[in-house]
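Undergrad: Kindly return the folded structure for what I paste below:
(chains A and B)
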Amino acid sequence: MSATVTPAALGSGRAPRISSARRRQLDRVGDVLLYGICVAAVLLAVAVLVLIAYQVIHGAQPAISKFGLGFLTGTAWQPNFGVFGAGSLLFGTLVSSFFALLLGAPVAIAIALYLSMLAPAGVRGAIGPLVEMLAAIPSVILGFWGVLVLAPFAHEHVEPFLHGAFGFIPLFGAPETTGSSVFTASLVLAIMVVPIIASVSRDLFLAVPREMQDGASALGATRWEVIRGVVLPSTASGVVAASLLGLGRALGEAIAVAQIIGAGSEIQASLFKTGDTLAARIANQFPGALTEMHKASLYYCGVILLAIGLASNLIAHWIGRRFSFEGGTLR
Amino acid sequence: MSAEGGFDPAAPLTPSGNLRRRQLFSRFTDSAATAAAVLAIAVLGIVVYTVASRGADALSLDFVLKGAPAGIGPELAGTAVIVAIATATATPIGVLIALFLSEYAGNRAAHLVKLTMDLMNGLPSIIIGLFIFGLMVDHRQQSGLAGAVALAIIMVPLIARGSGEVLKLVPANLREAADALGVARWRAVLTVVLPSALGGILTATILSVARAAGETAPLIFASSAFDPRDFALNPLEALPNVSVRIYSLSEEANPAGFTEAWGLSLLLISFILFASLGARTLLARGTRKTAR
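TA: Coordinates of the predicted model:
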């Protein structure tokens, strides 16, 4: 039958088939070409990453050579006098991110436990994506909402209450006159880190072998004891990695924090005072930077941010490799 | 019948003492976990509700089509241009990286590429802004193109990871069948592997567009010096855009501007939520089809 239907007869209306030699040649070129552009794309990505680090450090060069490491501890930031120090910014960054994590991580882990162990299948399918929607809200909108809705609420209700109840701790000092405070910024950052930590932790909890949990249940453990004794211990380092990813997000968030935190420039013990972070200071001042040194100092802030951010991501990646989960945000 | 000794056969079979305490505690933690989930949904609900109720006042046909002070047409057009260029740049690069990971890379290379993608994904967007400023804006002028490149840097790792995940799902026997028929690698990739992963790649792209559309920090450096009254579509100049406009209106503390910002937020958030929901639905359907 194959003798009667030749390729030529089939292809009467089409272009003639190319010979197999030409075809093999074409395939060799095609193989090399596709491999080549794939590698090129990868190299481009690596190059961009390296260039970013170079560009930021290069931009910071004048400030690095002038202030050195003293930049990290100096707290004076006076663009008019050419005096710059990122001490208070570093402090504000660490404090706001720390409290964001303190508020956000337990909630996120609880959500992950709910999604992986408690929720009925239908509810899980609905709530999981909704929690991840929280990560999809642009930070500028969350910040805008934070200034106009959350900050007044926190200022009128939450802060006075905490001050009244725990005012003897310096952390909960008297509220400021406006709603802008490190506390409000931490609340907004907490909203941002919850979906990241929750979605990674949920995947970790789902991967805990069913047999181990059933075994614990069969020995009479309650659900909490299964969580406490089996699920959490076997995923602890993964949860730490997830929290580090959240931390990286909180440290680097510029826009929402710039809108809310109030651009204060002193180190204050109280959460209810204004403060500022590295990222927010860059967003606030860079477009209107007065001098080259001012710009370079803001680049220097970027270098610090880059170093902390890369470090937390690297550690998270390194821990996460054991669990083979990939990255943090939206999947 | 009275209980003598400790045992009362008529007593209800409920736990007591230590077991009861343990069960109560477990039930308490159950409800705490449920409450946490409810809290997250509530926050999402409150944010979306506030934006919707306050933004609805601003919405009208003029608001969407005209320039400032009546409307936000230029911002919508500018954002569309910037995001379109960014998507056109980032999608091929992201997909090619994913292809490299799934088709070519050995273990070591794959690990390094994944690390690069994770680090790129974890970069604070403000740093990308600083980078773009130094690369394309400093000593020149702001441009929509610079903004688009910055957004592309944000999108590439998202697209690469999303596409990588669906490429992993492409059944091995499809590739083996192509190999058995003597099809060259590149032909197999282009005609067998990529088409069956197309749905997932589309999903990843839409999700990354949703992420890029709301990104503000890099655009402050790249495309913030614009006049909100005029339509500008030339990507070599600073283009008006939604996110920077919301940011500057919120910093201005002018109540009239707030209404405009709420309106902008409503449009942006509905685009993002619908895009991500749509993409997820697409992915869920696609995955079911591939798995079958």
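Undergrad: How many residues are close by the residue in the stretch 1-150 of chain A that chain B sits nearest to?
TA: Minimum separation of the stretch 1-150 of chain A from chain B (Cβ to the nearest Cβ) falls at A:P138, amounting to 2.5 Å. Just so you know, the C-beta spots here come from the backbone N, C-alpha and C atoms, and that holds for glycine as well. Neighbours of A:P138 under the rule other Cβ atoms under 10 Å in any protein chain shown: 25.
Undergrad: longest helix in chain A, by residue count?
TA: As assigned by DSSP state H, the longest helix anywhere in chain A is helix A:20-67.
Undergrad: State whether A:G179 is indeed within a strand.
TA: No. Read with DSSP: H, G, I helix; E, B strand; the rest coil, A:G179 is coil and lies in no strand.
Undergrad: quick one on the thing from earlier: looking only at pLDDT, what's the mean for the longest helix of chain A?
TA: Mean per-residue pLDDT for helix A:20-67: 88.
Undergrad: Just the pLDDT at the residue in the stretch 1-150 of chain B positioned nearest to chain A, thanks.
TA: Proximity of the stretch 1-150 of chain B to chain A (Cβ to the nearest Cβ) peaks at B:P124, 2.5 Å away. Reported pLDDT at B:P124 in the predicted model: 90.
Undergrad: Can you get me a residue count around it?
TA: B:P124, neighbours per other Cβ under 10 Å, totals 23.
Undergrad: residues making contact with the very next helix or strand once past the longest helix of chain A?
TA: The first helix or strand that comes after helix A:20-67 along the chain, using DSSP states H and E, is strand A:77-78. Contact partners of strand A:77-78, identified using Cβ atoms under 8 Å, 6 or more residues apart in numbering or on different chains, comprise A:V83, A:F84, A:G85, A:A86, A:S88, A:L89, A:S265, A:R281.
Undergrad: just to revisit the earlier point, distance from the chain centre to the longest helix of chain A, please.
TA: From the chain centre to the centre of helix A:20-67 is a distance of 25 Å (Cα atoms, centre = their mean, to the nearest Å).
Undergrad: and what of stretch B:111-121?
TA: 18 Å.
Undergrad: Is that stretch in proximity to chain A?
TA: Yes. Under the criterion of Cβ under 8 Å from any Cβ of the partner chain, chain A is reached by stretch B:111-121 at B:H111, B:V113, B:K114, B:L115, B:T116, B:M117, B:D118, B:L119, B:M120, B:N121.
Undergrad: contacting residues around that stretch?
TA: A:42, A:45-46, A:48-49, A:310, A:313-314, A:316-317, A:321, A:326-329, B:97, B:100-101, B:105, B:153, B:156-158, B:160-161.
Undergrad: In TSV: the contacts of strand A:77-78, plus pLDDT, neighbour count and secondary structure.
TA: What follows is the contacts of strand A:77-78, written out as TSV (pLDDT from 0 to 100; neighbours: other Cβ atoms under 10 Å in any protein chain shown; DSSP: H, G, I helix; E, B strand; the rest coil):
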residue	pLDDT	neighbour count	secondary structure
A:V83	77	13	strand
A:F84	81	22	strand
A:G85	78	19	coil
A:A86	78	28	coil
A:S88	82	21	helix
A:L89	84	26	helix
A:S265	69	15	coil
A:R281	85	27	helix
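Undergrad: Which residue would be the closest one in the stretch 201-331 of chain A to chain B?
TA: A:G252 (2.5 Å).
Undergrad: Which phi and psi values does the nearest residue to that residue once chain neighbours are set aside adopt?
TA: Nearest residue to A:G252, sequence neighbours excluded (Cβ to Cβ, 6 or more residues apart in numbering or on different chains): B:P124, at 2.5 Å. As for B:P124, its main-chain torsions (degrees, to the nearest 10) stand at phi -60, psi 140.
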